[in-house]
Structure formats: C-alpha cells, structure tokens
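[1] pasting the structure only:
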C-alpha cells in the first residue's frame, strides 16, 4: 500500500495563500506537540477469532462456508473472520423475527420501553468497551467514538424507549400499529450509531428486526447482540446477520419482510427501490450527500473555520451529511482559506486509539482507492490541491486532509460524493447565487449557513433543498431531531417524533 | 443465650425533605401516624409548619434555574434513575403503602410496581413534551414563528389523600409530571399517610436529582396548603389532594388565595372515592404547568 501524497502542494495558488499557508502550517505544528496518549486495546474486550450470526437469541454458525475478514484499517491486521450470510441464513433470521413479532408487538408499550431502557443503560455501562472496539474496527478516533458515537447510541435508545408507551400521542392516530419484520442494512461509517438509529425506533414501535452490519465493521453489532442477551430481550426480536452486499440484497429482497430501512450509497438505495417496486414492503432510505457549507462575508471567520473543519474532517469525512462543498463568499475567500489552512495544519492524523488524534484511518482499501480516484480527477480537471504537511503511518489506510480550491460546479469533486477528508471550495457573490449553487446537486441531505444575520439564515434555510440545515454550526445530531434527505439523498426521516413514522403502519 | 433474645430493629426517624436535606420541622413538633387498618402506631412524623413551607419555597426557587435549564435528556436520565432507586427499595415501600392505605401486601406491591413504571413513563416525556406541545406556526408573512413550552416555575402540590394507590402511586403521579417539564415542587404530603412520601425523599436524594427540585412537607394540610396558595413566589398550585369544595382548606378557599398572584391552578377531581391512580395517565398533568413561548424572527436576505 503506497503512502498517499502528503507534501504541501504549491501549484497555482492565489497570491495570499501561497505566501501565508506554508508558514502558518509550520508554526501550527510547532505550537502543539503532544505525547502519545493511547487508549488500551484491551478495553475492547475479547475479539473472537470468528463469528457466526445472531439469530433467535443464539450465536449460530452460518449455513455457508464463505467467510470475510474484518481488519483494523489503521494497521491492516485481521481482527476476526465473519460469516458471509447466505440466503438460507437470511431465511432463518427472518423466520425468527416473524415468530417473535406476535408476542413482541402484543407486549404493552411500557414493557417494550423498559427493555429499551435496559439496553440504553447497558450501553452506557459498557460504553468504553464499545468505543474502543468501534475505533479498532472502523479506524475512527477514540475521541469521537468516546465522546460522540457512544453517547449518541445510548441517547437514541433512551429517547425511543420513552416513545414505546406513548405512540398514541405521536400524531399518527389513536392506535398506531407496527409494520412487522424490519430488514435493516447499515453502513460502516457510524456502525453502532446507525444500528441504534435503526433498531431503537423499530423496537419501540413493536417491530422485530433483522439487521445486517457492514462487512468491514461488524464487531460492535455482534457485541450489541450480547447486550440484548444481558437485557433479557426476548429471542428473535433482534437478529443480526453478517455479510457483504449479497447478504444485504438477500435480506432487503426477502419476501418475508414488511419493511426495509437502508442507509448507504445512492446506487444501492436505487437498486433496493427497484427491487421493492410493486410490493407492499415499506421503505426508508438514507443515502448520499454533497452538502454545501455556505460562508457569508459577515460570518465570524474563526468560528466558521471550526465548522468547516468539523464539517468535512469529522470521522475522516465518512459522513453522508459532510460539508464537502465549501461555498465561500468571494470577498472573504482568501481570508477564509488562510485561516482554514492554518487550522488544517494543526489536525493530528494517526493512531485512532490515541486520545489526541483528530483524524483516523480510512475505513477500507476500497474506500481509499475511491478517494484517490476522485482526488486525482480533481487535479486532472484543474482544481488546486492542498494538504498540510503531515506524516502518515506506513501501514494501514490513510489519506491526508485535503482541500481543493478553484473548483467549478462541473468538476467531479463538486458533483460526486467522495466520502473522505476532501473539501471542494467554490465561491459565490450573492445569496441567490449561493442558493442556486448549493441546490445544484441531485443530493439534498444537509447544508450549512454561516452569517451573523439571523434573517438571512432563515431566508437561506427556506430555500435550501436539504433535510437538515445547520446555521453557524455543523454536524450536530440529537435523538430528538429528525434527520434525512431531499431528492436522491433518500426518503423518510430518522430521529425525533418523525422517525417513528417509518416503523408504523400509518 | 444470644439466640434466645430476638434482635431489636432499628427504627427510622422520618424527616422532611427540603433543599436536598432532611431537616426536622422548625417547630420541633411531631404527630402520630397510624396504620390505616389496625390503628397501630407507625411513626412520629414531623409536623411541618408555615415556616417550613416558606423555607421549602425558597429552596424550590433556588433550584428552579438549574433544573429548568438542564437538558430535557438530562432530566429524563434523572427521573429514570429515580425509578431504578425505587425498584431497589420495592419491599420497603410495599410495607409502607400497605400500612398507609390499609391494604394487603400483594396489592401494595403491585401499587409500588405501578409507581416505578409511572416514573419511567414521565422520564420518557421530558424530551418529548415540546414535540407534542410546541409547533411551527405558518404565519402569513416572511417570519419564522415557533412556539415551545417552558416550565412555569415553582409549583405547589397538595398530594393525593384518597383513591386507590394515593400514598405512593398517586404522589408520584402528581410530582413526576411537574418536575419532568422543568418545574420545581413543594409538596404537602397526605397528612394521615405521609410515610411513603417521606421515604420517597430518600429515593430522590439518591437519584442525582438536584436538591430543592422536590421538597416534601408532612403536617397539617390546613397549614401547608394555604401557605403555598398565597405565597408570592409560587407560580402554580396543584390541588389534587384537596377533598372539600367549601370551607377551610377547601378548593374554593385555596383558589381564592391563589387568585391574588394569578397562580395557575389545577383543580381537584373531588370524586367522593378519589381518583383511581392505577388508571393510565394522559398528558394533562404534563401540560398543566407549562407556559407557551412564541418566538418571531424575520426571514430575508
């Protein structure tokens, strides 16, 4: 695995940037030297050599022989063998969920809620273990799993636990009913959090689930199965089947499921929609994004730069709602870019288990290849590339935080989701132009607006075709707040009162 | 020899719960609490006074800022913690409820279970009330317009004195919705059956609930309730436990006192047998002590 290009690119920079950036980058690195502060790998608990599926309350072997290997993306070392779920495995899991549905859905909401409260509490108790395991399997910094993913996972279960006995008050009629068996397929970028977003509302509303975690990040989902057992959750209510896209296709296309919830790429989402066309299976999709993060000339620049960095470098940019297109008003372009480069030079990239790390490893070789392909295209199409000087580890999958300036709306890096730590910078002159450029995408998941003027924030928000608009902040999430996209970013919302709808017959 | 002498239990001194502490009444007085069925002496409960009540209002006001500005999630976690603590003391409460209401142990235990679940029910409401009580208002103009509920402030509660499960389940049903939404409470406990309530203070004190959010006063309702109803720094009063419409300590008298400061008043049901506290609650108690705040903001370039 070749080390990605990390040297500071000069090229055809704007005059100010060419003078400012390298000096700023150097001083940033000298200001903050950190001794390593590694979290203990042992805190992740024991990782078994191989895993089967979790079906009907038991860990079971796959009916097939094929296995996949999940690796630590920061070292490329194998962590465990996981089963490639077969159609037969999926059959068994769906049958178990179907059988459990009768009694689970008949349980009083208060009792269902108490199971979810138990799960939430056990997640809180075991959150250090889960955070370390997640960082090892995914490559994301421990600071994020510890301070973001795990608290959000527990909070999500708490929130929906509370809804279980209050569904009649949720605005979906006097006696809303569950849909049945839910097939849920989740991505690798926030493995346990995506699981929580799927399982918590499904169970609260009385459905049973078969969930397939991503093949590169299955370990926390399998650990979650243990938590279901500790909570005494009735067998069959939660089933977990591992495998790659083939398993996912078998699950989402299974005739025995009543509901499909998918988070992942727009292409796969489209394929699922085609498969389910003409059926009675309910579908919700949370797909790709190409969010515009819009900075006006009156924005507090330092605060906006923090938001830009958080918007695109949080979780290595493996975020569907990442602020991957920076739209900056022309008059403050140079000032914003200088400040952004200075800030990027202080990002610490490396060991995901180091508590000082800001940017961890890219999740897989395949994803790294995709990021490289698109960034190469960015250069080839004439955009200017810049990364701070930083040393990357020699093993594992790494990509330095990268920013492209001089990007035009037709460039691939302005149109396609890169899903990595790569920011494309475009400019605008008027609010109308900002709206037009921001909406000039088939996606519509999120957007950011930075300005001191409240009326402009609300004016912009009303015109942006995006499911979430962050103003003077970015990448904020809460269990109470609905999340989901317009257009080809999918349909349905997760989180909040609105998130119940996807799992109710309404 | 020693196995012939039965061990003597240690008896609990029941005390008030005010500002997160367990004081005796400033009066130094107590009164006898007896088993409702047998008439046997159970304990000497502190006879809380007007002064104790005023002290409790000060404590509730002091706690109001912090509690109302805590996140709804945080309040929910603490209310759920109260359920966990109550679960751990189920047997103790079952015995107290049995004596307070003159019922059998099994029935009392079921009422305690229901009280635990009632905490859980209200714990789940903390971060959902705004989602059913608030609204985005489509005003006819270029304005953002959002209405959201806020707590009304310090709420006086006259605790239930009658009805199936009044002594703990009823008490929890009255207190939990008040504090779930961010209010703080001063509670006049059922005068003749205050022991489950006084013990509930011990549960709340170990549930991460900030001191002063709930204050529990035992004593003569005719001392405590009018003090709450007329107090200048109490924003609302829940008359649930009031059992007469006319005369001293009646709903009318207390409502007249409350009118001086235009307190929000939740009227009692006045059903002859009291409310059945095991009935599934609605949202009325949650909504009773909220203010709706509407924010306008222009939209434009």
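    It's in. If you're wondering where the values come from, they're calculated on a predicted model, not measured in any experiment.

[2] and the strands in chain B?
    B:30-34, B:41-46, B:135-136, B:143-151, B:154-158, B:184-188, B:214-217, B:236-238, B:264-266, B:290-298 (DSSP state E).

[3] could you do the stretch 351-500 of chain A as well?
    Along the stretch 351-500 of chain A, counting by DSSP state E, counting those that start in this stretch, strands occupy A:384-386, A:402-405, A:422-428, A:446-450, A:468-471, A:490-491.

[4] the third one - what's its average pLDDT?
    Pointing back at strand A:422-428 there. Here strand A:422-428 scores 98 as its mean pLDDT.

[5] among the strands of the stretch 351-500 of chain A, which is the most enclosed?
    Greatest average neighbour count among these goes to strand A:446-450 (a mean of 29), per mean count of other CB atoms under 10 Å in any protein chain shown. Every residue, glycine included, has its C-beta placed from N, CA and C.

[6] now do the contacts for the residue in chain A that chain B sits nearest to.
    In chain A, the residue found nearest to chain B is residue A:162; the distance is 2.3 Å by CB to the nearest CB. Going by CB atoms under 8 Å, 6 or more residues apart in numbering or on different chains, residue A:162 touches A:113, B:76, B:123, B:124, B:125, B:126, B:127, B:128.

[7] grab the nearest non-local neighbour of residue B:59.
    residue B:19 (3.4 Å; CB to CB, 6 or more residues apart in numbering or on different chains).

[8] rewinding a little: out of the strands of chain B, flag the one nearest residue A:91.
    strand B:135-136 (44.9 Å; CB to CB).

[9] show me what that closest one is packed against.
    Secondary-structure packing of strand B:135-136 (3 or more CB pairs under 8 Å, 6 or more residues apart in numbering or on different chains; DSSP states H and E): strand B:143-151.

[10] about what we covered before: Serialize the strands of the stretch 351-500 of chain A to JSON lines and add fields for distance to residue A:480.
    Putting these into JSON lines (distance: least, CB to CB, whole Å) gives the following:
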{"stretch": "strand A:384-386", "distance to residue A:480": "39"}
{"stretch": "strand A:402-405", "distance to residue A:480": "33"}
{"stretch": "strand A:422-428", "distance to residue A:480": "29"}
{"stretch": "strand A:446-450", "distance to residue A:480": "17"}
{"stretch": "strand A:468-471", "distance to residue A:480": "13"}
{"stretch": "strand A:490-491", "distance to residue A:480": "20"}
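
[11] what about residue A:232, neighbour count?
    10 (other CB atoms under 10 Å in any protein chain shown).

[12] mind checking how far it is from residue B:113?
    As judged by CB to CB, to the nearest Å, residue A:232 and residue B:113 stand 17 Å apart.

[13] what pLDDT is listed against the residue nearest to residue B:59?
    The confidence metric pLDDT takes the value 98 at residue B:19.

[14] ok, it - contacts?
    Counted by CB under 8 Å, 6+ apart, residue B:19 has contacts B:55, B:56, B:58, B:59, B:62, B:63, B:211, B:212, B:215.

[15] residue nearest the centroid of chain B?
    residue B:175 (2.7 Å; CA atoms, centre = their mean).

[16] spell out which residues of the stretch 151-300 of chain B are next to chain A.
    B:283, B:297, B:298, B:299, B:300 (CB under 8 Å from any CB of the partner chain).

[17] please redo it, this time with the cut-off set to 10 Å
    B:280, B:282, B:283, B:286, B:297, B:298, B:299, B:300 (CB under 10 Å from any CB of the partner chain).

[18] any idea how many residues pack against residue B:280?
    Neighbours of residue B:280 (other CB under 10 Å): 10.

[19] could you measure from residue A:74 over to residue A:361?
    Taken as CB to CB, the span from residue A:74 to residue A:361 is 4 Å.

[20] which secondary structure element contains residue A:214?
    Under DSSP states H and E, no helix or strand contains residue A:214.

[21] over to the nearest residue to it once chain neighbours are set aside. Which of the three states is it?
    Nearest non-adjacent residue to residue A:214, counting by CB to CB, 6+ apart: residue A:188, 3.6 Å away. Under DSSP: H, G, I helix; E, B strand; the rest coil, residue A:188 falls in the coil class.

[22] any idea of the mean pLDDT for stretch A:209-225?
    98.

[23] inside helices: which ones of the contacts of residue A:162?
    A:113, B:76, B:123 (DSSP state H).

[24] would you agree the last one is in contact with residue B:86?
    No - with contact defined as CB atoms under 10 Å, residue B:123 and residue B:86 do not form a contacting pair (11.5 Å).

[25] ok, back up a step: pLDDT at the residue nearest to residue A:214, what is it?
    For residue A:188, the predicted pLDDT is 98.

[26] verify the stated contact: it with residue A:367.
    Yes - contact criterion CB under 10 Å: residue A:188 and residue A:367 qualify, at 8.4 Å.

[27] roughly how far apart are the residue in the stretch 51-200 of chain B positioned nearest to chain A and residue A:107?
    Ranking the residues of the stretch 51-200 of chain B by distance to chain A (CB to the nearest CB) places residue B:124 first, at 2.3 Å. To residue A:107, residue B:124 is 16 Å away according to CB to CB.

[28] these two: which is more packed in?
    residue B:124 (28 against 16).

[29] please name the nearest non-neighbouring residue to residue 167.
    Using chain A here. residue A:176 (5.0 Å).

[30] think we crossed wires, I meant chain B
    residue B:100 (3.9 Å).

[31] just give the number of residues close to residue B:294.
    12.

[32] so what pLDDT did it get?
    Reading off the model, residue B:294 has pLDDT 98.

[33] equivalent analysis for residue B:274, please.
    With respect to pLDDT, residue B:274 scores 84.

[34] how much space between it and residue B:190?
    In terms of CB to CB, residue B:274 sits 11 Å off from residue B:190.

[35] ok, residue B:170 next?
    8 Å.

[36] of the two, which one has the most company?
    Ranked by neighbour count (other CB under 10 Å), residue B:170 and residue B:190 place residue B:170 first, with 30 against 24.

[37] assign the closest residue to residue A:77 other than its chain neighbours to one of the three secondary structure states.
    Once flanking residues are discounted, residue A:77 sits nearest to residue A:71: 6.2 Å by CB to CB, 6+ apart. Following three-state DSSP, the label given to residue A:71 is strand.

[38] show me the shaky parts of the chain.
    Using chain A. Segments of chain A classed as low confidence (criterion: pLDDT under 70) are A:1-32.

[39] my question was about chain B
    B:1-3.

[40] and with 90 instead?
    B:1-5, B:243-249, B:269-275, B:301 (pLDDT under 90).

[41] burial count for residue B:15?
    18.

[42] contact partners for it?
    Contact analysis of residue B:15 by CB atoms under 10 Å, 6 or more residues apart in numbering or on different chains lists B:21, B:22, B:23, B:24, B:25, B:45, B:46, B:198, B:201, B:202, B:216, B:218.

[43] one more time with 6 Å, if that's ok
    Counting by CB atoms under 6 Å, 6 or more residues apart in numbering or on different chains, residue B:15 makes contact with B:22, B:24, B:46.

[44] now do the closest residue to residue A:365 other than its chain neighbours against residue A:52, distance only.
    Among residues not flanking residue A:365 along the chain, residue A:397 sits closest, at 5.9 Å (CB to CB, 6+ apart). According to CB to CB, residue A:397 and residue A:52 sit 27 Å apart.

[45] of those two, who's got more company?
    residue A:397 (26 against 22).
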